[in-house]
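Novice: what's the 3D shape of this:
(chains A and B)
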Amino acid sequence: MKVCIIGSSHAAMVARAQRAATPELNDDWRYFVVPSGYFGGQGLSHVGYNPRFQVLTGFPTSTPGILRNLRIADHDAFVLIGGQTSPVENARLSTRALSAGFRRAAVDDLLSHNNNARLFGLIRQVSEAPVLAATCLYYDKGKPVPARDILNAERAVATFWGTRGVTFLPQPRETLDDGLVTRADCLIGGGNNHLKPEFAGLVFAQIRDALAVRSSG
Amino acid sequence: MSQTPYDSVPAKGFWKQAVAEKSLFDIDLDWEPRFRIGQQTRIATFGSCFAQHFGKALKRRGMAWLDCEPVNPGLSDALCHRFGYRSFSARTGNIYTASLLRQWTRWAVGRDAPPDEVWEQDGRFFDPFRPRIEPGGFETAQEVQDMRAVTLTAFQQAIRQAQVFVFTLGLTESWFHSDGHEYPMCPGTAAGRFDPERHQFRNQRFEETRTALVQAIHLMRRENPQIRFLLTVSPVPLTATNSGQHVVVATMDSKSILRAVAGDVAESLKGVDYFPSYEIINSPAFRAVFFDPNMRSVNPRGVDFVMETFFRALEQKHGLPPALGAPPTADDIACEEALLASFGEGA
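Specialist: Numbers count the residues shown, from 1 in each chain, chains lettered A, B, ... in the order given. Model prediction:
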């Protein structure tokens, strides 16, 4: 099964975990990565699409040995990582003084106008292969957000993807504290806000298990 | 022949050398900024719709554009602009006239309280002082007041935090309530109902416009004595006029007054400068190439040309570093390391 992982640098952390745990999958799991700061901060927004060849273009980094353009039809499953804001960020709407109308429009906007959604739409133009989606890590960079609101926001993300036949991958609970934000001890630290390899391994396992379910289904 | 003062005027002072013998894209109006605007200078932008281009360009350039009413960074610009966020430094909507700027300032610094007027239409509620800020209207009259209070706080923050306050003058034609407060648009156009008994048209002349602008500046300086002002005049013609004149004549009348006021205030007050975006778009030297076919909307090339002129002057006169794209953050560097390590290239 050719699995295509598209995402931010957090996808590269999954690559590291997968390659350490299951090197036999190295040929079949292919990574196409655009860190958020690349291309003047455009990150995944920089990824283009060539409809003639049905390829996604513009990845600065991909699994060594394969082309940097991604031919959609070559893959049996897709995993989208980090191309949308986390439930923590989405829930932050509840902490701001906003009108009810804007709040509703903003929730819809956060769910539907993001790189995961855009890439999903492009994939579906070509392929009916299973798609899995994960948000950015559940950081809390500003005013604390109530856990209840984060949970509701996470449900909204899951519902959005569920109605589109996409499996949503919530951040593994082992990496979250009671407030549903990423535990500091799970991160590499020192300015590096990526999961430590052992915790990135949980994400890899989550993907592998979800793909097994999709395949058996 | 005797010597005259014109002997020492540089080439830019002569139409032939500065305009007629040049490609229009090589014409440089050689703006001389009166004060330094650097990468870290905190800049607030308000005014008519052309001011939105200023804010966006400052942001793209990585300058310290003030967003005093921020929303989630993950939201699309399209949604935010539709609801009036990320367009100006607070969600005021367009401030077309100098008197509207003075009105917002008086409300923000507590000199006056805004009237409690709210427009209701088909069960939805509109803010008369920014009737298009909430597409479809607010849910309750109270929400109108609450959201305006949020914006007034943000506007006050913009005044207090800004080192440079950019204001684009747009109109002289204005609509007032008989009680004295001013609307940004004629009641009944975007929302509300026009009442000829209460709603009064006034085409403000030079002195009225100048007085309002100077008073607004003085009020802001009481909040922030260090604040400096950069005035521009919107080159966008009037959509419609209530003056009885042809819309072209009314536009020239209005813009001439605004241009004269901006120039006069910049000449007479310290810490006030004028940037000639109006001239770049409207001067015959540029042959109207920066307008869309409707001869009203400024096209993206025109906006870029204006902003290139602005940034070039800051680079040449005040050492603003050239645009190099956003500098990498600690996260970006960490991302690089993660990527390389993942594929075994960083060992």
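Novice: which residue does chain A have closest to chain B?
Specialist: A:G37 (3.0 Å; Cβ to the nearest Cβ). Backbone N, C-alpha and C define where each C-beta goes, glycine included.
Novice: wait, that residue touches A:H46, no?
Specialist: No. At 11.0 Å, A:G37 does not count as touching A:H46 under the criterion of Cβ atoms under 8 Å.
Novice: higher neighbour count, the two?
Specialist: A:G37 (22 against 16; other Cβ atoms under 10 Å in any protein chain shown).
Novice: quick one on the thing from earlier: measure the residue of chain A closest to chain B to A:S9 for me?
Specialist: Using Cβ to Cβ, to the nearest Å, A:G37 is found at 9 Å from A:S9.
Novice: and the helices in chain A, which stretches?
Specialist: A:9-21, A:38-41, A:87-91, A:100-112, A:115-124, A:147-162, A:197-216 (DSSP state H).
Novice: lowest average pLDDT across those?
Specialist: Ranked on mean pLDDT, the bottom entry among the helices of chain A is helix A:38-41, at a mean of 77.
Novice: look up the closest residue to the residue nearest the centre of chain A, ignoring the ones flanking it.
Specialist: The centre of chain A sits closest to A:I81, judged by Cα atoms, centre = their mean, with a distance of 1.9 Å. Leaving aside its sequence neighbours, A:I81 sits nearest to A:G7 (Cβ to Cβ, 6 or more residues apart in numbering or on different chains; 3.1 Å).
Novice: returning to what we had before: would you mind giving the helices of chain A as a markdown table with mean neighbour count added?
Specialist: Below are the helices of chain A laid out as a markdown table (neighbours: other Cβ atoms under 10 Å in any protein chain shown):
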| stretch | mean neighbour count |
| --- | --- |
| helix A:9-21 | 23 |
| helix A:38-41 | 18 |
| helix A:87-91 | 26 |
| helix A:100-112 | 18 |
| helix A:115-124 | 20 |
| helix A:147-162 | 18 |
| helix A:197-216 | 17 |
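Novice: nearest to B:R124, out of those?
Specialist: helix A:100-112 (9.0 Å; Cβ to Cβ).
Novice: give me the contact list for the closest one.
Specialist: A:84-85, A:89-90, A:93-94, A:98, A:117, A:156-157, A:160, B:71-72, B:74-76, B:79, B:82-83, B:134-139, B:143 (Cβ atoms under 8 Å, 6 or more residues apart in numbering or on different chains).
Novice: quick check: mean pLDDT of stretch B:124-144?
Specialist: The model assigns stretch B:124-144 a mean pLDDT of 97.
Novice: before we move on, what about stretch B:185-192?
Specialist: The model assigns stretch B:185-192 a mean pLDDT of 95.
Novice: what residues of it count as buried?
Specialist: Using 16 or more other Cβ atoms under 10 Å in any protein chain shown as the test for burial, stretch B:185-192 gives B:M185, B:C186, B:P187, B:A190, B:A191, B:G192.
Novice: same deal with stretch A:63-81?
Specialist: For stretch A:63-81, by 16+ other Cβ under 10 Å, it's A:T63, A:L70, A:I72, A:H75, A:A77, A:F78, A:V79, A:L80, A:I81.
Novice: out of those, which sit inside strands?
Specialist: Secondary structure from DSSP state E places A:L70, A:A77, A:F78, A:V79, A:L80, A:I81 of the buried residues of stretch A:63-81 in strands.
Novice: wait, B:M185 sits on B:P131?
Specialist: Yes. The criterion here is Cβ under 8 Å, and B:M185 meets it with B:P131 at 6.0 Å.
Novice: up against chain A, what does the stretch 1-150 of chain B have?
Specialist: B:71-76, B:78-79, B:82-83, B:134-139, B:143, B:146-147, B:150 (Cβ under 8 Å from any Cβ of the partner chain).
Novice: what subset of the residues you listed is buried?
Specialist: B:71-72, B:74-75, B:79, B:82-83, B:134, B:137-138, B:143, B:147, B:150.
Novice: I figured B:Q40 hits B:L66, correct?
Specialist: No. With contacts counted by Cβ under 8 Å, B:Q40 stays clear of B:L66, the gap being 11.9 Å.
Novice: ok, the two, which is more surrounded?
Specialist: Shown here are B:Q40 and B:L66; by other Cβ under 10 Å, B:L66 has more neighbours (24 against 8).
Novice: pull the contacting residues for the more buried one.
Specialist: B:R42, B:I43, B:A44, B:S89, B:A158, B:Q161, B:A162.
Novice: can you flag which of the residues you listed belong to strands?
Specialist: Using DSSP E, those in strands are B:I43, B:A44.
Novice: ok, stretch A:18-34 near chain B or not?
Specialist: Yes. If you take Cβ under 8 Å from any Cβ as the test, stretch A:18-34 does meet chain B, through A:R19, A:Y31, A:V33.
Novice: and that stretch, what's buried?
Specialist: Buried, per 16+ other Cβ under 10 Å, within stretch A:18-34: A:Q18, A:R19, A:W29, A:R30, A:Y31, A:F32, A:V33, A:V34.
Novice: quick one: end-to-end distance for it.
Specialist: 18 Å (Cα to Cα, to the nearest Å).
Novice: which other residues reach it?
Specialist: A:1-9, A:11-12, A:14-15, A:43-44, A:46-47, A:56, A:58-63, A:66, A:68, A:70, A:75, A:197, A:201, A:204, A:208, B:339, B:342-343.
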